[in-house]
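Undergrad: the sequence and its predicted three-dimensional model are supplied below.
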Amino acid sequence: MGSATGTPPTPSRFSACRSAPPRGWLRYTTADHWHHLAITYGNQAAASNEGLWQSAGIDKGPAPVWARLAEDFDAVHVSLARLMSGLYVPVSSTGVRTTTSWAWYFEGTWWMRSAFTAVQDLPPLLGPPEDERL
């Protein structure tokens, strides 16, 4: 920690970071959104969750394969509305398994990949900058 005058501690280490162009993010607000994610990016051969089936009669169906989703998007945001209306709600469509969102319990944004594509360490700052204006 620096002194009360705002002088940073030395030596200080910094890095220069480069970022990839953004790919966008998905806002997941309904059980239908989950169904679309699971069908578009999921593994259709995924096994059922026996505990969920035995306790509630719900087949969770496929879930997104996050590595596949990361090829197209930076992040997924799960909204409070989804938590209130879409948890444990089975959704079906013609010719596809039923999907059920069942394992997300709080609102948040999950990042699928690092924002930085390159990190380069800079020389350490050994003291405060020398500037006669200070």
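TA: Cool, got the structure.
Undergrad: how about the strands in this structure?
TA: For the chain, strands defined by DSSP state E occupy the ranges 15-19, 25-28, 75-78, 91-93, 96-99, 108-111, 116-121.
Undergrad: so what pLDDT did the most centrally placed residue in the chain get?
TA: Note on the chain: the residue nearest the mean C-alpha position is residue 110, at 1.7 Å, using Cα atoms, centre = their mean. pLDDT for residue 110: 85.
Undergrad: the residue lying closest to it once chain neighbours are set aside: neighbour count?
TA: Excluding its sequence neighbours, the residue lying closest to residue 110 (Cβ to Cβ, 6 or more residues apart in numbering) is residue 76, at 5.2 Å. For every residue, glycine as well, the C-beta is placed using N, CA and C. Look at residue 76: counted by other Cβ atoms under 10 Å, it has 21 neighbours.
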